[in-house]
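S.K.: pasting the structure only:
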DNA sequence: TATGAATGAGAATTCATTCAT
DNA sequence: TATGAATGAATTCTCATTCAT
């Protein structure tokens, strides 16, 4: 991200490099800890340990546990938004765009389980960290607009039904993947099935695509 | 159970000394506390306060916080399963049955937000309380079988597509409602919209029904 | 002790029998619990459990934990004193009497490890239960007088040295056995040896007898 | 370690912030508390008070009460072992060496009653702290070897009997002193005598020396 | 004589955070 | 920028004991 300073600079600003490294280590450690135990269950001591920095340093960079959680959250949102941008949905035929988004959502959640638990924690706390975030507006998914455009294109070309709401659709795409993955432990326990086997996962993705595409397609 | 004294007497009784009542009060208080703060954030002291019983009594009836959480969880599952049974889906035409289940799921989650947060907590803990529960197998939703029957009936009468998987369908119905309600705080924050207004809620339910019914219907 | 009532009596005093049985069960359970965990570590709940009586009953028969401990202690002393009486040292030749007492002391401690831990507990508490005991004087070992007689007899017949102090001798006999058995765990740990194997125990007893008899014997 | 400020300054320093000093203060306080009340009866709060440090600090330096007890135990053993080394028994004539060790043991136990109660506590807990101690092997009394050498020397010079076992002898020397001092409260209560008066103590030491020396001497 | 329910005081331990350098 | 030492306020849980029948 930040353009690393040249070696010449290194001599003059040796500490800024370490500083940045420490910050990043702390954030990564905090993300893992919060993801694993939730905000309430996370331990500041463990975060420091994971980051291999002195606990006091956490408070130097971040004011307190909540601020740190907010930073982790912002980064998590930033990360998925950046990935979404890479999909370039606007360049795809409408049906491909919807399928691509659906598959991406599933894959992202699967690859980033921490994102799900972070969101669960934040919702338990009524999104108060997000509300306190100045970066929150920037986290607003521009995807909704992109998706709106896709739906409109699809409608005009006659492949999609008219009147589709991009926000509802987005939430549905997310929900179909999120619930399965986030609640997989209770679901597996209740239904005595392994929902995370490769076969089960493939089956679920196919099902989700089926649900979503049938929903948007005309006729 | 015990012959409760008349209502007139009840007011003057110094302390209940009614085991069953105490147990129930504790469970209800614990459910509320766990729902509001999660397992980690819940405070035993507050549960006792909410239940208006001596803190020590919690440990008399339940061994510890985890056991109490498990009891709450078992009761929560028992409650929704009982409600599901009341739908009598087997007695309805297939399409009505699917719509009824979808609406019920939405309504139940809406009326019982504690169920969602309890499940989130349990998933954060990898369903370890459920796994320790001897009552877990009984919590297995018999609904899946009922739903399988509904789908088969619908298929035979030509209104539903063949090859539908009841478990996938059930998870989708749940997921479409769950995600919206459980994550409403972050979603509202990110999209700067009030997703819980009556209009928004009605709209979401309509959308969900639309998604599900289009998915199951033939053609 | 108490002459059990005849069957005829049983009908008229059925409860006194159960009562006595409960008392005895409590005492036995308390003895085991105190022996295993010490006074501080003993748990009233566990004593009730061990005795298979309601916890409230402990307080019916004994006022509190300390009183119960005192009763256990008194019984323990009474038991060893009674056993000592059975030795009939006065009827034995002096040397035999000393050896018999030494062997008995070792054997008794070995067979009644609870006696050692009870005494340790009581000493940790500066013998305050014993001081509060009205039965304490009766626990005074009449053995000291008997031993004094034995020593005098031995002295007169020329087998023992003159001037031996029966109390010192008694304490030495006890100490040589007590320390080995009471501290066997730390000794075993420190010296990496199993001091409680049969061979080790036999060896110790032989050593103790050797020490004591050499001490009392003339020349 | 850290250059301690002058004594003049010491008085004005608000809080020590001297790790080593805090650790030592805690250990000393813990030793006294454990000695007085046993492991079970000791209170973490009181230890902190005695040490004049924040209770939380105990957990900073020692993980928990058991670990603290182990540390106290290790130090207590280390202390007596160090003192034993100072006796230089190898440099004394055999008979003097045995007498010196006997007198030292008595004196040490008399001056360090905490050592006795600590051992009693540890034995009540079946030496589990010692077994968990990595320093335990180092606590193995090298005295046994020294004593073995003394006995051999005495045997060769004809003053001691052959075949004496140094471990048995060591345990006997310890036991004769230990029992009298550790159980002095119950013994005093039972025999209605003050066993701790100066005269009584001198008498006991003389008796012990007599017993031990008669045992080792030839003829 | 017996018992299930209830409790206040206190126990060890945890935790986020600050101090002092 | 970094850190070891220190802390107050909880937090879960325990324990002997009493209540009410």
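M.R.: Received the coordinates, thanks. From a predicted model like this one, the values you see are computed outputs, not experimental measurements.

S.K.: could you say which helix or strand contains the closest residue to DNA strand F within chain A?
M.R.: In chain A, no residue comes nearer to DNA strand F than residue A:56, which is 3.1 Å away by CB to the nearest atom of the strand. C-beta coordinates here come from the backbone N, C-alpha and C atoms, glycine included. In the assignment (DSSP states H and E), residue A:56 maps to helix A:55-61.

S.K.: that helix: how far from the chain's middle?
M.R.: Distance of helix A:55-61 from its chain centroid, counting by CA atoms, centre = their mean, to the nearest Å, is 26 Å.

S.K.: I'd like the next helix or strand past the worst-scoring helix or strand of chain A on mean pLDDT.
M.R.: The weakest-scoring helix or strand in chain A, judged by mean pLDDT, DSSP states H and E, is helix A:7-12 (a mean of 40). The element immediately downstream of helix A:7-12 (helix or strand, assigned by DSSP H and E) is helix A:14-41.

S.K.: near chain B, anything from the helix or strand that comes right after that next one?
M.R.: For helix A:14-41, the following helix or strand on the C-terminal side (DSSP H and E) is helix A:44-51. No - counting by CB under 8 Å from any CB of the partner chain, chain B is not contacted by helix A:44-51; separation bottoms out at 13.5 Å.

S.K.: give me the contact list for stretch A:164-175.
M.R.: Residues from elsewhere that reach stretch A:164-175, judged by CB atoms under 8 Å, 6 or more residues apart in numbering or on different chains: A:98, A:101-102, A:105, A:141, A:143-145, A:147-148, A:150-151, A:155, A:208, A:212, A:215-216, B:175-180, B:187, B:191, B:193, B:203-204, B:207-208, B:211.

S.K.: also stretch A:86-95?
M.R.: A:97, A:100-101, A:104, A:143, A:146-147, A:149-151, A:153-154, A:157, A:159-160, A:213, A:216-217.

S.K.: Provide a ChimeraX selection command restricted to the buried entries of those.
M.R.: ChimeraX command restricting the contacts of stretch A:86-95 to the buried ones, with burial defined by 16 or more other CB atoms under 10 Å in any protein chain shown:
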select /A:97,100,101,104,143,146,147,150,151,153,154,159,160,216
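
S.K.: so which of the contacts of stretch A:86-95 sit within helices?
M.R.: A:97, A:100-101, A:104, A:143, A:146-147, A:149-151, A:153-154, A:213, A:216 (DSSP state H).

S.K.: from those residues, which has minimum pLDDT?
M.R.: pLDDT across the ones in helices among the contacts of stretch A:86-95 is lowest for residue A:143, at 91.

S.K.: tell me how far that one lies from residue A:82.
M.R.: Residue A:143 sits 11 Å away from residue A:82, going by CB to CB, to the nearest Å.

S.K.: where in chain A is pLDDT low?
M.R.: Counting by pLDDT under 70, chain A contains low-confidence ranges at A:1-17.

S.K.: can we see that at 80?
M.R.: A:1-19, A:136-141, A:219 (pLDDT under 80).

S.K.: right, is the helix holding residue A:56 up against DNA strand E?
M.R.: Yes - counting by CB under 7 Å from any atom of the strand, DNA strand E has neighbours in helix A:55-61: A:55-56, A:59.
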